[in-house]
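J.: any chance you can model this:
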Amino acid sequence: MLNNPRSHGLWEKTAPAGPVTSALAGDLTTDVVIVGGGYTGLSAALHLAEAGQSAVVLEAVEIGFGGAGRNVGLINGGMWVMPDDIPGVLGPVHGERALNLLGGAPLLVREIVERHEIACEIEKNGTLHLAVGADGLKELQERHRQWTARGAPVQLLSAEETARRVGSAAYTGSLFDPRAGTIQPLAYARGLAHAAIRAGTKIFTGSAVIATERQGDGWKVSTARGSVSAKWIVVATDAYSTGPWEHVRTEQVHLPYFNFATVPLGDNLRKSILPGREGCWDTKEILSSFRMDRAGRLVIGSIGALRNTGLAVHRSWARRSLKKLFPHLGDIAFESEWYGKIGMTDDAVPRFHKFAENVIGFSGYNGRGIAPGTVFGKTIAHHILGDISEAELPLPLTAPKDPSFRAAKEFYYEAGAQIAHLTSDRF
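T.: As a prediction, this is how the structure comes out:
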C-alpha cells in the first residue's frame, strides 16, 4: 500500500484480493455511516447489514490500511491488564462485563470466518504466553489463577511441555489459551469487507472524512468529493485517526511494532518449530512474538520501527533471536519486513466514547485489535439496533483525554527499543 513494502509486508503479499472499491462521489443517505475500514468498522457494518440496516463505510486509504493489516495476527482474548485489576480500572460492573465479553471474543472471530468462508489462514490451536525466567513464570501463574477463577479454560504448561510445543527450551513455562489462535490479519479484514458488501453494505476507499455537521435529527459527513447523511455515525478510526476525530489518535501513545518473515521452512523444520501452529508472545517488558503462517514462514516481531537506524538494529536482533531460540534453523533469509503502530491508552484498557448525539465509537485496543475489534463492532451494531442500551455496554462512557508527554513517550519507546535490541544478548 502507498508503494511501501514495509507498511503491510507479508500480509499484503499473501492476502486474497479485497473487494473492488472506489472513492465516494456524490451524496448518499443511509441509516449508519461508519468511518474506518478496520475490524471494528467492518464488523459493525456486517452485523448492521445482516439485521436489515443500511450502512456506508468510509475508509481514508484502503481496507485494512491501519493496524488491521499490519499486526502479528494473534487472535487473543482478554486484555493486557491482569483480570483482577480490570474492575478497579473500569468499575466492578463494567470490569467483569468487559472480561466476559473479551475473554470469549476469539470464538466470535472463528464463527464469522466459518460462516462467511473467509480465506484467512485461521489456526484454532490456541496461543502460548511464554514465561521468561522465574519472574515471567510467576506472572503467568498469577494470570492462570485469576482467569481460571472466572471459568476460563486456560492451562499452565510446564517448561518441558512448552519446549515440546515451541521447539525451544528457552522458556520456563507458558499459559495456553485454547480459545485463541492466529490469522492472516489483512486477509481477515478483506474477508469482512467482502461479507459486509454481500450483506448490503457500501464501502468507499480513498474517502477521508473532512467535516461533519448536524442535519435535522441526523448527521452529514463530508469527504473531498461527496457526502453521506445518516442518523448514526460510528467512529472506528482508532490509532490511525485523522480529521474530525483526530483526538482518538492523540489520546493514545503510539508504540511501534515490527515483524520479519522468513522464507518458507522445509518440512523437517516445520515439524520441530511450532508443530501445533500456536501463536506465541513472551513476558518481557520489551516483548517478542512469533508464529507460523500457512506456508511455513516463521514470523518474528517486537517493539520498534523499521526506519532510520532502527531498520538495521531490529533486523540484526531478529536474526540473533531466531538463532538463539532455534539453533537448528541456521542462517535463514527474511522474505518480508514491515511495521505499524499500536495505540496504547494510559491505563491499557479500551475506550467507549460518545462524541455527540448518535456519534459513538470504541478505540484503544492496546495491541489486541482482532478479537476485541470484531466483538466491539458487533456490540456497536446491537446498540444502534436497540438490543443493548448504553448502560449495558461493556465499557463505561468516557471523554477523550490526551495523555501527558505523549510525544516524549513515543520517542522513548522507539529509541529505547533500538537500544535494547542493539545491546540485548537474550531472547
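J.: quick one, longest helix in the chain?
T.: Assignment by DSSP state H gives helix 406-423 as the longest helix of the chain.
J.: state the mean pLDDT of it.
T.: Average pLDDT, helix 406-423: 91.
J.: alpha carbons only: can I get it in CSV?
T.: Output of helix 406-423 as CSV, limited to C-alpha atoms (Å, rounded to 0.1, in the frame of the first residue of the first chain):
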residue,chain,number,x,y,z
ARG,A,406,2.7,11.7,24.5
ALA,A,407,5.4,12.8,22.0
ALA,A,408,8.2,12.2,24.6
LYS,A,409,6.8,8.7,25.4
GLU,A,410,6.6,7.8,21.7
PHE,A,411,10.2,8.9,21.2
TYR,A,412,11.3,6.9,24.3
TYR,A,413,9.6,3.7,23.0
GLU,A,414,11.2,3.9,19.6
ALA,A,415,14.6,4.9,20.8
GLY,A,416,14.5,2.6,23.8
ALA,A,417,13.6,-0.4,21.7
GLN,A,418,16.6,0.3,19.5
ILE,A,419,18.9,0.5,22.5
ALA,A,420,17.5,-2.7,24.0
HIS,A,421,17.8,-4.7,20.7
LEU,A,422,21.2,-3.3,20.0
THR,A,423,22.6,-4.4,23.4
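J.: show me how far that helix is from its chain's centre.
T.: 21 Å (C-alpha atoms, centre = their mean, to the nearest Å).
J.: next, the buried residues of it.
T.: Buried residues in helix 406-423, counted by 16 or more other C-beta atoms under 10 Å: 406, 409-410, 413-414, 417-418, 420-421. The way it works is simple: take the backbone N, C-alpha and C, and place the C-beta from them, glycine included.
J.: again with stretch 371-385
T.: 371-384.
J.: closest to W80 among the residues you listed?
T.: The closest of these to W80 turns out to be P372 (C-beta to C-beta; 11.2 Å).
J.: quick check on the closest one: phi, psi?
T.: phi -60, psi -40 (degrees, to the nearest 10).
J.: so it makes contact with G104?
T.: No: with contact defined as C-beta atoms under 8 Å, P372 does not reach G104; the gap is 11.3 Å.
J.: CA atoms of stretch 278-293 as PDB?
T.: Extracted as PDB, the C-alpha positions of stretch 278-293 are listed here (Å, rounded to 0.1, in the frame of the first residue of the first chain):
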ATOM      1  CA  GLU A 278       0.200 -21.900  18.200                       C
ATOM      2  CA  GLY A 279       0.900 -18.200  18.200                       C
ATOM      3  CA  CYS A 280       3.400 -17.000  20.800                       C
ATOM      4  CA  TRP A 281       4.500 -14.000  22.700                       C
ATOM      5  CA  ASP A 282       6.600 -13.600  25.900                       C
ATOM      6  CA  THR A 283       6.500 -11.900  29.300                       C
ATOM      7  CA  LYS A 284       9.500  -9.500  28.700                       C
ATOM      8  CA  GLU A 285       8.800  -5.800  29.100                       C
ATOM      9  CA  ILE A 286      10.000  -5.300  25.500                       C
ATOM     10  CA  LEU A 287       8.100  -8.300  24.400                       C
ATOM     11  CA  SER A 288       8.700 -10.500  21.400                       C
ATOM     12  CA  SER A 289       6.300 -12.600  19.400                       C
ATOM     13  CA  PHE A 290       6.500 -15.300  16.800                       C
ATOM     14  CA  ARG A 291       4.100 -17.500  14.800                       C
ATOM     15  CA  MET A 292       4.000 -19.600  11.600                       C
ATOM     16  CA  ASP A 293       1.900 -18.800   8.600                       C
END
